[in-house]
Every structure is written in structure tokens, then in C-alpha cells.
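Asks: Compute the structure for the input listed below.
(2 chains)
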Protein chains: 2
Amino acid sequence: MNIRIINIGDELLIGQVINSNAAVMSRYLLAQGFYVDRTVVIGDKGDAIFREISDAFRQVDAVILTGGLGPTKDDITKKVICEYFHTQLVLHQPTLDFVSGWLAGRGVQMSDTNREQAMVPASAVVLPNRCGTAPGLWLEQDGKVLISLPGVPYEMDELMRLEVLPRLSAHFHPGEHYLCKTVQTIGIGESTLSDLLEDWELSLPEHIGLAYLPDSGIVRLRLSGKGNDLQKLEKEMDAEVEKLCALAGAYVFAKEDLPMHEIVFKLLCQQGKTMSTAESCTGGYLAHLITSIPGSSCVFKGSVLSYANEIKENILHVSSDDLQTYGAVSQQVVEAMAVNVREKFNTDFALATSGIAGPDGGSPEKPVGTVWIAVATPDGVRSECFHFGNAGGRLRVVYRSAVRAYNMLRQYLQNR
Amino acid sequence: MNIRIINIGDELLIGQVINSNAAVMSRYLLAQGFYVDRTVVIGDKGDAIFREISDAFRQVDAVILTGGLGPTKDDITKKVICEYFHTQLVLHQPTLDFVSGWLAGRGVQMSDTNREQAMVPASAVVLPNRCGTAPGLWLEQDGKVLISLPGVPYEMDELMRLEVLPRLSAHFHPGEHYLCKTVQTIGIGESTLSDLLEDWELSLPEHIGLAYLPDSGIVRLRLSGKGNDLQKLEKEMDAEVEKLCALAGAYVFAKEDLPMHEIVFKLLCQQGKTMSTAESCTGGYLAHLITSIPGSSCVFKGSVLSYANEIKENILHVSSDDLQTYGAVSQQVVEAMAVNVREKFNTDFALATSGIAGPDGGSPEKPVGTVWIAVATPDGVRSECFHFGNAGGRLRVVYRSAVRAYNMLRQYLQNR
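Replies: Next up is the predicted model:
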């Protein structure tokens, strides 16, 4: 049972907008046992859309389109759908009423352009969109299904969860199950890890595969398996995960596919602890990560972002002697930042970063990518100096620093 | 002259990693006059890769692959390329030497797995990769070109800029030019804007198109044109931009496609001014945005992230009476945050945010998405209350707040 995803939009094709929809949709579909054969991005061109629908209906069982359902002239998906299904647009009153109320609530008058959004292909089942003005559409032909969703990410997300996935599961009964297990490692490079795991990897059964996903200093190992008996498959894969951990144990930090800062958040929650940050080169990214998690206010109190040295001195009370003698990017300064913000904000833990994100600011002694990171705890303070290099630019140094900072706190919380 | 982009990788297909490569590559190609007909994501499957290459070579002039060039067993792109081009892998000594030095510099011993990365299809031109261990490849057949690049984003980026684009321009001489002009608006909805621009849009010549890109409270208007005479096309499009601005003038804030915070950064730089932030619900995102810009240390001094109310009181000296009487999400509190951090950090300007990002924390008087934003200036302080709603979740409230905050500062800096 194969599905194809077609994301329509000139803005995607020319690269003005990154295609996050395909990834979100794939994850949902796979979790329900639907295999995605390919995802395609095309422009708002009638003939290209028509051709993709034709190819898809010959090669797969269902196709999900996003995009082209908006109120402006470049939105042509519905017209092409009518052409393909030999049908025409008719007014869908419930959608018109909804759009009317939606606009009224925003103090906007209904216009002809908006009325267009309530016109749907006559043979379509309408999938109500509670987050926007364009409804989703479901059409069938010879047992195959075409689904058309708005391209706005959170509208697509809601429609996928509330309308598309339940209907797909009811319409097709996915026979084979697909399961993924992810183990995360840190502190070992991809090829060294691959050599370490070589024999075990070669011994994996036919229906279980392994992939390596290096990113920002972490290597995620993804085991994926297929089988008709879900329970048996799960047992098999858990056994392989145990073998993997026995080999790579020293480097494994998680058996779930959560980002490092979410793992730390869970530990802090469980232990009833709080944290703060004092950031220089990471510019608030550590704080942004933890505050993107709902409920983070029980563990995160705040930060001082001391981008300029005078802020390190005046607000964080770092000694100006230390700043002069050792420089901002030093063990003495980063430890003082962590200890002082922990005290000032009265939190159990504090993370501090001080480094050179680049591209400028490097020197022979402290090249771009040199970052000192400290974690202040009830027992004192630990720090480490990292050398991330300059490959990948400024933000890559920030992302890698964030992973390492949260990792240091994780190690303390897990008593390692 | 058409190019197809094929991004290979199970991690992309299953949605574990978002496909940013396609967008980056498309932008580069379009800027050089190459039209991308489609971007496709497929898994690390030999037959799927072979089929995509075959289809592409029948339908377009050049195809660029990313992915599958790594050192592990799931990396099979080179094998498929050899199959398609009827060639075999041979050792490329310069790459072997480079990989050897690269690993030595990281204290890692060369292994067979690494040696594999220096094996290249015999008929390929090697595109040296200075950022990683997998070289790029360029192969030709009947005037058509296949390019294979590593999937790691910053490695792909460097190879595109230094190797691929120059070679593509030398090999093909793109006849038709493609030009894009973007105008950015804020404060008007997509469909209202569309109605306002209707007559002008209908009057656009055949070869110039208009698209609407709404995002986080901003609507970008993208004019795209094709033509053989670049200067003539540019003149035509500039004239259309002027007509557009005459109609939508009140809402236009930029005629360049830069994010709001980068526009503000340029203004602060030009005017030799500095800023700080005091953030609650945005959790450091305003600071993260400005510090992601190289050179931001001349304008940005730092922030206090007062996620907990005690930090608003103790560090930002917001009056506890105000916190009790009006609540944290209020004009009084957000203005005090902005004024106090401006003074404390001794900056020309300060931005402050206080709101409810959700999903919890809302009330009938202050529902999720209620955000007060203030900008403190040499002349005093301005504030505004926004109602972003809860559609799209927590981070959407954060992103929209950031746009509005930087917009308020932009308005002051541009005397509006």
C-alpha cells in the first residue's frame, strides 16, 4: 500500500519556502503503516499538477496533494482536480458559512475571492478545516484516493490528524507494519561507529535495516523493520536495540528519538528541579530550545544573555580582571557566568556558554568554533572546551554548543 | 534549460529530517537562470534511484542528486551511478589524501570504510569537497549532466557555490533569464490584499506573474518574470513594483526579501545604535534572531529573559504591585520591562515581550496568543497588544511576536 506526496507551490519550487510539510506528513503516514514511495515538489502549473496526478494514480494507491487551495489567482489545484475527475466546482454551504464566520470574527468583509474558497469539486468529500478558510478534499476513483490539503503547515497538520489518517485507515487496511526504533549516540564519529557496529549490522535479518543520521555532534542510529505481526516485529527490534547498546553503550545517551533539550526537560521535571542560562555566543538559543516545550515554565526561570563583555561584568558580575587576563572565552569566565546566574536566579542548575561563533573573531589561540561551556550545580561547577571548527557557519557552532551544553546537564542529572 | 533535483535519503522520505537542501539548491539555480522543473525525495533504494535518473535524463537537461555518498552501508548512490553510466569505481588519490589528512586532524584512524569514500566512478569529474569526506561528482552523457553531491547541507552548499554553479554556467548557456522581485507587507490579510491589487494583477503582462506568500503576519508579494533581455526585464519589473507600492503603500515595509530582524539590524548599523531585549513568552527568540546575523555584536548587547515573574521583579525591577494588579501580560509590565532593560544595559533601544504562548495559561480576558510588546526608545516607550490566537501552536505565537516586535522598532527607526 503506497502513498505519494505532492507538494504544490512555486514558493517551494523556487526555494523561497522550505518544504516541511512532506516530512510532517511522512512521519504521520509511516506511524500508521503507510509506506511513502516518493515526495515531489512542483510549481503552480496546471499541466505539471495534472501529470503528477496521472502518474501517481498509475503507480500508487493514494496521493496527497498540498497547496494551491488559497484565494488568489495562483491557486489552481481545484481546477486541475475537476479536470482530472471530469467534474465541476459547486458551492459547499457549510464551508461558506464557516468562512463567513471566520472572517467576521476578524472584522473582515466576505468578498468574491473568499466565496471561491467554498467552491469544491462536486464529487469530493469535504474535509472541514477548522484552522483556515480552505477545506480539504477527498476524491476516489477505482479504489484509489486523492486527497487535497491546504499548504499552510498547521492547517495541513490538523487536517492530517483529524480527517486524513482516520479515513485512510478505514479505507485501506495496511497489511504490513512498519516500525522504527532510534538510538542516539554522542562523542563518536559516524565512520568509527560504523566500524564498531559492522559485524552486528551484517548480522541483521533481511527485514530490519540500519541507517546513520549524524547531526550537530550526535549520531542517531535508526533501525527500521517491516512485518505482518506487529508484536513479533517489536520484540525482534527490541532485541536488536539491546545488542546495539551492548556494543555502543559508552556513547548511547537515549533510546528515544527526542532532542537533547527535551530529554533534559523530562529529567528536570521528574526531579522537580529548575534551571537558568547565561549565554554569550549562543545568543539565547539554549533558552529558546527549552521554552519551545509546553510546560517549560516549571523548570526554566530565565536567562542573562551577556553578548557584550560589559554585560558579563555589570549584570553577571564576572571579574573584570578575569576578563582582561583570560578573555571572555575562557574557563574562568564561563564558570563565573554559570555560578553567578545560578545564584542570581536562584535555580538548581545553570548552563553558560562563551565562545566564537564566527565567521569573524577567531585567533590562532582561539579559532572560530572554540566554545567554553559550563554547568553549575548544587555540587559546584563543571566546564569543558569544545572545538567545533567553522564548517557550516555561525549557526552550526550555536546548534552544536546547545547540544553539548544540554548534554553536560543530562550527564549530571543521570549521574554520569 | 531544465534541471531536476533529486534528494536521496530514507531519513528524508520518512520525515525524520526536513529537506532544506532542495530549497537552497533551487534558490542558487534560479539566480543563475536555471529553471528547476521538479524536486523529488526518494529513499536509499537502488531501483528507485536508477528510475529517477532515467526519467530525468529523458525529460530535463541536468539532474542534481544529493545523498547516499557517505561511508555506511545504506549509502548506495555511487553504485547506482556506475550501473547507469556503465562504469566502475576507481581510487581517486587526491581524495584519499584529503580524507586521510582530514581524519588525522581529528585524531581518527583511516579505515576501509573511509577508503571507500575516495572511490569514484571512473568516468566522473571529481568536485573536491573541502568541508567533508565525500567528494562531489560530475558525469556527462549526450550533452546532459548528472551531478552527485553529499547530503550534508553545508557540504552541499559549498559544492554548489564553488563547483556546480560555475560549471553549469560554463556547460549550458542559459538563454532565458528569470528574475524575482519581492515586496513585503504587514498589517493586511492575504485576501484583502488580493482584492486591493486585483485590477493591477489582471493587467500584468503574460511573462510576469504574481504570487502571495503569507507567513507569521507578513504577506510577501513575489513578482517573477522571464525574458531574453535581462535589462529590459528588470526595467519592466521595477515599473510593476512601483505600481504595486502605489496601491499597497500603507502596508509595504520593504522592497527586499530580507527577514524583519535583518532589516532592523541594517538600520541599527547604519544609525550606529544598540539594542537589548527583555523577553518573557518569546523565551530568547528575539535575541536568537539578531545574533544569528554575523556582526550583530555591534548592535546587540544582550538580554534578560524573565520567564518567571520573580525574575521580572528581582532582575528587571518591575513593580510587584503592577504584577499583582495588572498581571505579567499587561501594558504596565511590558513597558517597565523594556524601559528597565534599556537602562540597565545602557542601549539606545530595547524590545520587551510578555504574553501567553500556550497551549496552557489562557483565560477569557487573556486568551492564548495574547501578547503585549513594547519598544523603549530615547523618546520614551510605545507598546501594543496583539491577539495571535492559538492556531499553529506555541512556536507560531513566538514567531509572530518576534515579527511584530522587530516591526515596532523598524517603524521607529524609519520614523513611521
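Asks: Mind checking what secondary structure A:G175 has?
Replies: Under DSSP: H, G, I helix; E, B strand; the rest coil, the three-state class of A:G175 is coil.
Asks: go on, the one 4 residues further on?
Replies: With three-state DSSP as the basis, A:L179 sits in strand.
Asks: and it, what pLDDT?
Replies: Looking at A:L179, its pLDDT reads 87.
Asks: go on, A:G70?
Replies: pLDDT, A:G70: 84.
Asks: ditto for A:N390
Replies: At A:N390, the pLDDT recorded in the model is 85.
Asks: swap in the one 3 residues further on?
Replies: At A:G393, the predicted lDDT confidence score is 86.
Asks: Wait, it touches A:P359, no?
Replies: Yes - counting by CB atoms under 8 Å, A:G393 touches A:P359, with 7.0 Å between them. Bear in mind the C-beta positions are built from the backbone N, C-alpha and C, glycine included.
Asks: which one of those two has more residues nearby?
Replies: A:G393 (16 against 13; other CB atoms under 10 Å in any protein chain shown).
Asks: gap between the closest residue to the more buried one other than its chain neighbours and A:S216?
Replies: The spatial neighbour of A:G393 that comes closest, neighbours along the chain excluded (CB to CB, 6 or more residues apart in numbering or on different chains), is B:Y154 at 6.6 Å. Distance, B:Y154 to A:S216, using CB to CB, to the nearest Å: 11 Å.
Asks: Now do the shared contacts for these two.
Replies: Taking CB atoms under 8 Å, 6 or more residues apart in numbering or on different chains as the criterion, B:Y154 and A:S216 both touch A:R396.
Asks: what's the neighbour count on A:A374?
Replies: 25.
Asks: Enumerate every residue touching it.
Replies: Going by CB under 8 Å, 6+ apart, A:A374 touches A:Q331, A:V334, A:E335, A:M337, A:A338, A:V339, A:L351, A:A352, A:V381, A:R382, A:S383, A:E384.
Asks: Tell me which helix or strand comes right after the helix or strand of chain A with the lowest mean pLDDT.
Replies: When the helices and strands of chain A are scored by mean pLDDT, DSSP states H and E, helix A:112-116 comes last with a mean of 83. Using DSSP states H and E, the helix or strand that follows helix A:112-116 in sequence is strand A:119-121.
Asks: Quickly run through the sheet partners of that following strand, with directions.
Replies: Paired neighbours of strand A:119-121 in the sheet (DSSP bridges): strand A:89-91 (antiparallel).
Asks: from what I can see A:M408 touches A:V381, true?
Replies: No - using CB under 8 Å, A:M408 is not in contact with A:V381; the gap is 10.6 Å.
Asks: tell me, what's touching these two both at once?
Replies: In contact with both A:M408 and A:V381: A:V375, using CB under 8 Å, 6+ apart.
Asks: Count the residues that sit near A:R27.
Replies: Residues near A:R27, counting by other CB under 10 Å: 15.
Asks: which residues touch it?
Replies: With CB under 8 Å, 6+ apart, A:R27 has these contacts: B:I14, B:G15, B:Q16.
Asks: Past the host helix or strand of it, which element shows up next along the chain?
Replies: Element membership of A:R27 [criterion: DSSP H and E] is helix A:21-31. Per DSSP H and E, helix A:21-31 leads on to strand A:35-42 as the next helix or strand towards the C-terminus.
Asks: just the angle between that following strand and strand B:35-42, please?
Replies: 170 degrees (axes from the mean of the first three to the mean of the last three CA atoms, to 10 degrees).
Asks: Does strand A:35-42 reach chain B?
Replies: Yes - part of strand A:35-42 sits near chain B under the criterion CB under 8 Å from any CB of the partner chain, namely A:V36, A:D37, A:R38, A:T39, A:V40, A:V41, A:I42.
Asks: The residue of the stretch 101-250 of chain A found nearest chain B: neighbour count?
Replies: In the stretch 101-250 of chain A, the residue that lies nearest chain B is A:Y154 (3.6 Å; CB to the nearest CB). Other residues lying near A:Y154 total 16 when counted by other CB under 10 Å.
Asks: How many residues are close by A:V371?
Replies: Neighbour tally, A:V371, other CB under 10 Å: 27.
Asks: Show me the beta-bridge partners of it.
Replies: Beta-bridge partners, per DSSP bridges, of A:V371: A:G355, A:F386.
Asks: hang on, isn't it packed against A:C281?
Replies: Yes - when contacts are counted by CB under 8 Å, A:V371 is listed as touching A:C281 (6.2 Å).
Asks: Now do the contacts for A:C269.
Replies: Per CB under 8 Å, 6+ apart, neighbours of A:C269: A:G295, A:C298, A:V299.
Asks: Neighbours of the second one, how many?
Replies: By the other CB under 10 Å criterion, the neighbourhood of A:C298 contains 13 residues.
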